[in-house]
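Asks: Any chance you can model this:
(one chain, ligands or ions: 1)
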Amino acid sequence: MEHQDKSELQKREVRSFLVAREPSIDRRFRPRPNKKMRLFEHIQESEEESFSEGSDTESEYTASGIDTASTATSNAETTSLEAGPQVFLRLRPVSESSKAYSISDDGNVLITTYKVDSTSNNVNRMEKHFGFTSIFDSYVDQRDIYDICVGPRICEEECVTIMTYGTSGSGKTYTLLGDDVSAGIIPRALENIFTICKDTVYHSPKLKLINGCIVFLQDDASLKELQIRKKLLDLCPDMGAPYQRLRQMINEDHTFETKANSEESVLIWVSFVEIYNELVHDLLAIPPKQTKMAEGPRKNLKIVCNKGHVFVKGLTSVFVKSSEEALKLLRLGQQRSTYAATSVNANSSRSHCVFTVDILKYNRSGITTQSSYKFCDLAGSERVNNTGTTGLRLKEAKNINTSLMVLGRCLDAASTAQKKKNADVIPYRDSKLTMLLQSALVGKEKLAMIVTVTPVDKYYEENLNVLNFASIAKNIVFKEPVIKQHRISYAGFMEFSKMAADEGGNEYTKELEDEVVYLRLEVERLKHDHVLQMQLLEEKLRKELSETYQEIIKNNRKQAEDECEKKLLIAGREADFKLSAQKRHYEEEIEDLRDEIEELRNPNSGRESGDDDPEESGSPIEIIDDDE
Ligand SMILES: Nc1ncnc2c1ncn2[C@@H]1O[C@H](COP(=O)(O)OP(=O)(O)OP(=O)(O)O)[C@@H](O)[C@H]1O
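Replies: Below is the predicted model:
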């Protein structure tokens, strides 16, 4: 019975995230006190004594959370690093920071204090405690964020998803990308990766990750990849001097080291995908001819899971040889992603964006490894009710909030999975974002989350939801082993091995290959020009021919008309002639008939007058007069 009570209690402690009380959660399971408490007394106590106890339901929950937090923190170097996500908190610099947020002495717990007006004259305080792997106060710069959150992962060469999560305008994009003055995580990571692989970067795209599997590319396929790469790099905005400045700044901030290994060849590919209103778009798709990058039609791609490999079907992956190229492509994709001004951020991301760097490493021993870094800039959660958001912005905000809620549910399910035997299946299929990030959400790959918070009173409630979310993520311990790298051994790569072995002194071959690519592109361009010219010529000829034929037809018609007229005239004349001949013929017949009639009337007229000889009588015909 007691056991049953306990499990009932556990059920009720399931809390919501994102929205403080998620309406779909059954009333019975909402957080509530397990015994009647005098809240006021409790708050007083907690103020006087320590942070270890809370004053209401939620404090009670966080009070237990503090235990987990401190345990997790103390175990950070051992268990949490090995098994669960790392969750960092970054506070955004603000002109007037709220007193509602403070950091514990050990620097790993955020304490939020909220004044609650009680019915009496006293003011009560409600405290909540949230544990993190590390907390970065607003003065902590981009360099330290990188060194603590990402740098070690890059050196370890792992499969990691690094995501930023927070309310709109709290600095997620700034943390990942930075600006011209202070580079964010991604430019630093790219510089780090390319410095490590400086001596081993392979010049030609011979290995590629296709549908989640490493594939050896034949010459034609690899030339096609080089063409795609050239086309996209030609479309990229020129970064010249700003890039050099940024690079110099990064190298002043860090001392990245090159790993020399003559046994290895490294191939680096990047891709960039956006999830906007639950549609998956390729931010590096080559636009159709005569269309600008930002204007091209956007195909909705499918997320597919094949034998545990999650990938976006048909997503463009580009072979890169330097951090500058990778950064150029990042900027190019960024131009295509969806941004808009909202009431809280003049340049707010309206979609979730994932920039992936895949590193394929071929070792002469025949082993190929793949490590991947997914940098995920989540769109910020928004309070649509308070901000007066309408129309398209409202639709976007709802989609953003829904997908973030599913992300929270997935983390919650992953968190309960460790406690219960019959744990809920992780609902990563409920949104495109969680489908794409499922490897990290189910613990197959590592997850590092940087939670960003704007520490002002105005965002207190929203921040609490974000912090609740972070607290769930922080408490996850994954059962499944983390895949550090994908490894594959394949005989087909021997060919690559030979080529890679020859690579050393083969600068000339590289040049020739580049030349071949250039010439092929030139041939394509000329072909294209030729086709265009032919089309123009054909059009011109068609016009001329049509004009000539129209003239001929006109003349022919005129001739035909003249001839018809002539024939008509001749036919008319012939008819007249025939008519008059007929007339004459009939007149003569009439004359003859008349004569006959006359003759018949006077048969003897000739004989009487001429006495036998009618010729002599002078009149050949005798007229008989009936009247006589
Ligand atoms: N740590 C910081 N230091 C200096 N400026 C910052 C910091 N964090 C954020 N900002 C500034 O705040 C503004 C908003 O930041 P950003 O666009 O990164 O927010 P966001 O969380 O990505 O918002 P959204 O979810 O709406 O896209 C930017 O102008 C950015 O430069």
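
Asks: contacting residues for the residue of the stretch 351-500 of the chain found nearest the ligand?
Replies: Closest residue of the stretch 351-500 of the chain to the ligand, Cβ to the nearest ligand atom: Gly380 (2.6 Å). Bear in mind the C-beta positions are built from the backbone N, C-alpha and C, glycine included. Contacts for Gly380 (Cβ atoms under 8 Å, 6 or more residues apart in numbering) come out as Gly166, Thr167, Ser168, Gly169, Ser170, Lys172, Val344, Asn345, Ser348, Ser349, Ile400.

Asks: from what I can see Ser349 touches Gln334, true?
Replies: No. Using Cβ atoms under 8 Å, Ser349 is not in contact with Gln334, being 9.7 Å away.

Asks: Return the residues of this structure in contact with the ligand.
Replies: 92-93, 166, 168-174, 179, 345, 347-349, 379-380, 452 (Cβ under 6 Å from any ligand atom).

Asks: tell me the secondary structure for Leu568?
Replies: Following DSSP: H, G, I helix; E, B strand; the rest coil, the label given to Leu568 is helix.

Asks: the more surrounded of Ser349 and Gln334?
Replies: Each of Ser349 and Gln334 had its neighbours counted (other Cβ atoms under 10 Å), and the higher figure belongs to Ser349 (24 against 19).

Asks: Quick check on that one: phi, psi?
Replies: Dihedral angles phi and psi of Ser349 (degrees, to the nearest 10) take the values phi -70, psi 130.

Asks: can you give me the strands in the stretch 201-350 of the chain?
Replies: Counting by DSSP state E, counting those that start in this stretch, the stretch 201-350 of the chain has these strands, from start to end: 207-210, 213-216, 264-276, 279-282, 303-306, 309-312, 318-320, 339-340, 348-349.

Asks: Could you list the low-pLDDT ranges of this structure?
Replies: Of all residues in the chain, those with pLDDT under 70 make up the ranges 1-83, 115-125, 289-297, 339-347, 381-394, 396, 415, 417-424, 479-511, 605-628.

Asks: domain parsing for it?
Replies: The chain resolves into domains spanning 158-287+297-450, 511-582 when parsed by the TED database.

Asks: Please produce a markdown table containing these, extended by distance to Asp106.
Replies: As requested, the domains of the chain are arranged in a markdown table below (distance: least, Cβ to Cβ, whole Å):
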| stretch | distance to Asp106 |
| --- | --- |
| domain 158-287+297-450 | 19 |
| domain 511-582 | 55 |
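
Asks: Buried deepest among those, which one?
Replies: Most buried of the domains of the chain by mean neighbour count (mean count of other Cβ atoms under 10 Å) is domain 158-287+297-450; its value is a mean of 19.

Asks: mind checking the end-to-end distance for stretch 210-227?
Replies: For stretch 210-227, the first and last residues are 17 Å from each other (Cα to Cα, to the nearest Å).

Asks: Provide the secondary structure category for Ser98.
Replies: Following three-state DSSP, Ser98 is assigned to coil.

Asks: Roughly how far does it sit from the ligand?
Replies: Ser98 is 16 Å from the ligand, where distance means Cβ to the nearest ligand atom, to the nearest Å.

Asks: Excluding chain neighbours, give the residue nearest to Arg90 in space.
Replies: Taking Cβ to Cβ, 6 or more residues apart in numbering as the measure, Arg90 lies nearest to Phe136, with 4.5 Å between them; neighbours along the chain are not counted.

Asks: How about the contacts made by that neighbour?
Replies: Under the criterion of Cβ under 8 Å, 6+ apart, the neighbours of Phe136 are Phe88, Leu89, Arg90, Leu91, Asp144, Ile145, Ile148.

Asks: same thing with Pro93?
Replies: Residues Ser138, Tyr139 are the ones in contact with Pro93 under the rule Cβ under 8 Å, 6+ apart.

Asks: hey, where'd the strands end up in the stretch 51-200 of the chain?
Replies: Secondary structure of the stretch 51-200 of the chain (DSSP E, counting those that start in this stretch): strands at 86-91, 101-103, 109-117, 123-131, 134-136, 160-166.

Asks: Kindly reformat those as a markdown table containing distance to Ile268.
Replies: Putting these into a markdown table (distance: least, Cβ to Cβ, whole Å) gives the following:
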| stretch | distance to Ile268 |
| --- | --- |
| strand 86-91 | 24 |
| strand 101-103 | 38 |
| strand 109-117 | 37 |
| strand 123-131 | 36 |
| strand 134-136 | 29 |
| strand 160-166 | 15 |
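
Asks: quick one, which of these is nearest to Pro427?
Replies: strand 160-166 (17.7 Å; Cβ to Cβ).

Asks: quick one, the closest one and strand 86-91 angle?
Replies: Computed by axes from the mean of the first three to the mean of the last three Cα atoms, to 10 degrees, the angle separating strand 160-166 from strand 86-91 equals 30 degrees.

Asks: Let me have strand 160-166 in PDB, keeping just the CA atoms, if that works.
Replies: Once non-C-alpha atoms are left out, strand 160-166 reads as follows in PDB (Å, rounded to 0.1, in the frame of the first residue of the first chain):
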ATOM      1  CA  VAL A 160      28.100  15.600 -30.700                       C
ATOM      2  CA  THR A 161      25.000  17.700 -30.900                       C
ATOM      3  CA  ILE A 162      25.500  21.100 -29.500                       C
ATOM      4  CA  MET A 163      22.300  23.100 -29.100                       C
ATOM      5  CA  THR A 164      21.400  26.500 -27.800                       C
ATOM      6  CA  TYR A 165      18.000  26.800 -26.000                       C
ATOM      7  CA  GLY A 166      16.300  29.800 -24.500                       C
END
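
Asks: Paired strands for that strand, with orientation please.
Replies: strand 367-377 (parallel), strand 446-453 (parallel) (DSSP bridges).

Asks: Including distance to Lys474, could those strands go into a markdown table?
Replies: What follows is these, written out as a markdown table (distance: least, Cβ to Cβ, whole Å):
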| stretch | distance to Lys474 |
| --- | --- |
| strand 367-377 | 18 |
| strand 446-453 | 9 |
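
Asks: what's the closest of those to Leu519?
Replies: Within the strands paired with strand 160-166, the stretch nearest Leu519 is strand 367-377; the backing value is 30.8 Å (Cβ to Cβ).

Asks: roughly how far apart are the nearest residue to Cys155 once chain neighbours are set aside and the ligand?
Replies: With sequence-adjacent residues excluded and distances taken as Cβ to Cβ, 6+ apart, Cys155 is closest to Ile196, at 7.4 Å. The gap separating Ile196 from the ligand is 27 Å, by Cβ to the nearest ligand atom.

Asks: contacting residues for Ile196?
Replies: Ile196 is in contact with Ile154, Cys155, Phe256, Glu257, Thr258, Lys259, counting by Cβ under 8 Å, 6+ apart.

Asks: Inside helices: which ones of those?
Replies: Counting by DSSP state H, the members of these that fall within helices are Ile154, Cys155.

Asks: What is the nearest of the contacts of Ile196 to the ligand?
Replies: Ile154 (21.3 Å).
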